[in-house]
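Engineer: turn this into a model:
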Amino acid sequence: MIYLDNAATTPVDPQVAQVIAQSLGEDFANPSSLYKIGAQTENKISSARRQIAGYIGAKEDEVYFTSCASESNNIAIYGLSMARKNWANKIVTTGYEHPAVRKPLENLKEMGFTVVNVNPKADGNIDPAEIVDAVDSKTALVTLIHVNNETGAVLDVKSLCEKIKAKNKRTVIHIDATQSFMKTPIDVTKIPCDAMAFSGHKIYAPKGIGGLYLKKGTNIKTVMAGGGQEKGLRAGTENIHYILGLAKACELLNGNIKKNFNHYTKLKAHLLEGLAQFDNVVVNSPENAMPYTVNFSFMNYRSETLLHFLEADEIYISSGSACSKGAASHTLSVMGVDAKRIDSSIRVSFGIHTTTEDIDTFIAALKKASEKLQKVKK
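Structural biologist: Numbering: from 1, shown residues only. Reported below is the predicted structural model:
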């Protein structure tokens, strides 16, 4: 099997699975319980929280555990916006956000907020100045995706946050770091954002665990009430087993971020070299995109047809955002890409176990596809 869809999800690392399996047998007590074994469970959660916070330069009490990045985004976007509705009704965002950000913003728009979308240019990049220019005295929230999940386009969030805060220090900034967390260095002591979402299943932990960084002292409304867990921000008994698994996944990646980044860079160069032999390939990812995601169009062949052809050889790619289940690429649409090119677009995303041999096999499979599949009529 050759798995090239790591932006959708990653396989669980065996060491992570081992930590979870051990916890399932040992850590059954509710961490909110007052007796000894409950306190022991709570201490393990605190240790994991402290560990993960350290990897992004945060304080222990600034990290909250959730079920996924989608939930983290929802908590931040609704909570931060509603806490400021008495003086601000404007939200600024990019036009190529993940649905976990776009959908809450659509709901907030119906609730009276004005939402300004800054779309990417034809090359896939967003002009940072357009984001800053859109901020005014009534801007409650700016929410930005650090690395786009479809093309790998990256925003300089440090510079953006500094300029936004300089223009309106009351505006809060949320970062969706789902595709960048533990893949590129992140230090919230240097990035003046107020919130940041991240996920476990993008970094070799299971689905069902995520996190939210929330800067200490940031005013936020509770949008998920219950038993008061996570300091009242996110109700529900903590998933101790997956929390420990997430901490282990972060530990395994933390010391290898630079090495893995160099690995992805070599894989991307190798892929682009292989794609150069086809006269029907158009690369959709920006030249300066993160190296672990490459989006391109294999013109004249429908992406869904190509996906299933490759699947027969146990080669797995994506035709866009996995959360959209085959819908036309939102990111490419707002880039102004024509329908035929979108219909032929596929996403290849590397993992730490991807090899150049995997890429060679993929390129060979594309050659076979171009010979056997019927072209789409122009």
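
Engineer: contact partners for Leu307?
Structural biologist: The neighbourhood of Leu307, defined by CB atoms under 8 Å, 6 or more residues apart in numbering, consists of Ile317, Ser318, Ser319, Ile346. C-betas here are computed from N, CA, C, even on glycine.

Engineer: now the spatially most central residue of the chain, nearest residue through space, not along the chain?
Structural biologist: In the chain, the C-alpha nearest the mean C-alpha coordinate belongs to Thr178, at 2.2 Å (CA atoms, centre = their mean). Nearest non-adjacent residue to Thr178, counting by CB to CB, 6 or more residues apart in numbering: Ala69, 4.2 Å away.

Engineer: cool, Gly124 as well?
Structural biologist: Taking CB to CB, 6+ apart as the measure, Gly124 lies nearest to Pro286, with 3.9 Å between them; neighbours along the chain are not counted.

Engineer: and if you look at Glu251?
Structural biologist: Setting aside the residues directly before and after it, Glu251 is nearest to Gln51 in space (CB to CB, 6+ apart), at 6.9 Å.

Engineer: for the strand or helix carrying the one you found, list every residue counted as buried.
Structural biologist: Counting by DSSP states H and E, the element that carries Gln51 is helix 36-55. Residues of helix 36-55 classed as buried under the neighbour-count rule (16 or more other CB atoms under 10 Å) are Thr41, Glu42, Lys44, Ile45, Ala48, Arg49, Gln51, Ile52, Ala53, Tyr55.

Engineer: which one is the first one nearest to, not counting chain neighbours?
Structural biologist: Beyond its immediate neighbours in the sequence, the residue positioned closest to Thr41 (CB to CB, 6+ apart) is Pro31, lying 4.3 Å away.

Engineer: residues near that neighbour, how many?
Structural biologist: The criterion is other CB atoms under 10 Å. On that basis, Pro31 has 20 neighbouring residues.

Engineer: that one contacts Glu238, correct?
Structural biologist: Yes: at 5.5 Å, Pro31 and Glu238 qualify as touching, with contact defined as CB atoms under 8 Å.

Engineer: shared neighbours, these two?
Structural biologist: Among the neighbours of Pro31, those also in contact with Glu238 (CB under 8 Å, 6+ apart) are Ile45.

Engineer: so Thr66 sits right up against Arg234, yeah?
Structural biologist: Yes: with contact defined as CB under 8 Å, Thr66 counts as touching Arg234 (5.6 Å).

Engineer: which one's more surrounded, these two?
Structural biologist: A direct count of neighbours by other CB under 10 Å for Thr66 and Arg234 places Thr66 higher, at 27 against 23.

Engineer: roughly how far does that one sit from Leu214?
Structural biologist: 11 Å (CB to CB, to the nearest Å).

Engineer: Ile173 sits in which helix or strand?
Structural biologist: Secondary structure assigned from DSSP H and E places Ile173 in strand 172-176.

Engineer: please enumerate residues in contact with that strand?
Structural biologist: With contact meaning CB under 8 Å, 6+ apart, strand 172-176 is reached by 69, 73, 76-77, 80, 84, 97-98, 100-101, 140-146, 157, 160-161, 164-165, 191-197, 218.

Engineer: okay, the residue nearest to Glu251 and Ala249: tell me how far apart.
Structural biologist: From Gln51 over to Ala249 the distance is 11 Å, taken as CB to CB.

Engineer: can you check Asp5 too?
Structural biologist: Counting by CB to CB, the gap between Asp5 and Ala249 amounts to 18 Å.

Engineer: again, but for Pro104
Structural biologist: 26 Å.

Engineer: pick out whichever of those two has more residues nearby.
Structural biologist: Set side by side, Pro104 and Ala249 show unequal neighbour counts under other CB under 10 Å, the larger going to Ala249 at 27 against 22.

Engineer: does Asn288 sit in a helix, a strand or a coil?
Structural biologist: coil (DSSP: H, G, I helix; E, B strand; the rest coil).

Engineer: where does the prediction get shaky in the stretch 201-350 of the chain?
Structural biologist: Low-confidence regions of the stretch 201-350 of the chain, defined here as pLDDT under 70, cover residues 320-326.

Engineer: need the overlap of contacts for Thr66 and Arg234.
Structural biologist: Common contacts of Thr66 and Arg234, defined by CB under 8 Å, 6+ apart, comprise Ile75, Leu212.

Engineer: re the thing from before, dump the buried residues of helix 36-55 into JSON lines; add pLDDT as well.
Structural biologist: Below are the buried residues of helix 36-55 laid out as JSON lines (pLDDT from 0 to 100):
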{"residue": "Thr41", "pLDDT": "93"}
{"residue": "Glu42", "pLDDT": "93"}
{"residue": "Lys44", "pLDDT": "95"}
{"residue": "Ile45", "pLDDT": "96"}
{"residue": "Ala48", "pLDDT": "98"}
{"residue": "Arg49", "pLDDT": "98"}
{"residue": "Gln51", "pLDDT": "98"}
{"residue": "Ile52", "pLDDT": "98"}
{"residue": "Ala53", "pLDDT": "98"}
{"residue": "Tyr55", "pLDDT": "98"}
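
Engineer: turn the residues you listed into JSON lines, including distance to Ala134.
Structural biologist: Compiled in JSON lines, those are given as follows (distance: CB to CB, whole Å):
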{"residue": "Thr41", "distance to Ala134": "45"}
{"residue": "Glu42", "distance to Ala134": "43"}
{"residue": "Lys44", "distance to Ala134": "44"}
{"residue": "Ile45", "distance to Ala134": "39"}
{"residue": "Ala48", "distance to Ala134": "38"}
{"residue": "Arg49", "distance to Ala134": "35"}
{"residue": "Gln51", "distance to Ala134": "37"}
{"residue": "Ile52", "distance to Ala134": "32"}
{"residue": "Ala53", "distance to Ala134": "31"}
{"residue": "Tyr55", "distance to Ala134": "32"}
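
Engineer: out of the residues you listed, flag the one nearest to Thr114.
Structural biologist: For the buried residues of helix 36-55, the minimum distance to Thr114 (CB to CB) is 34.1 Å, reached by Ala53.
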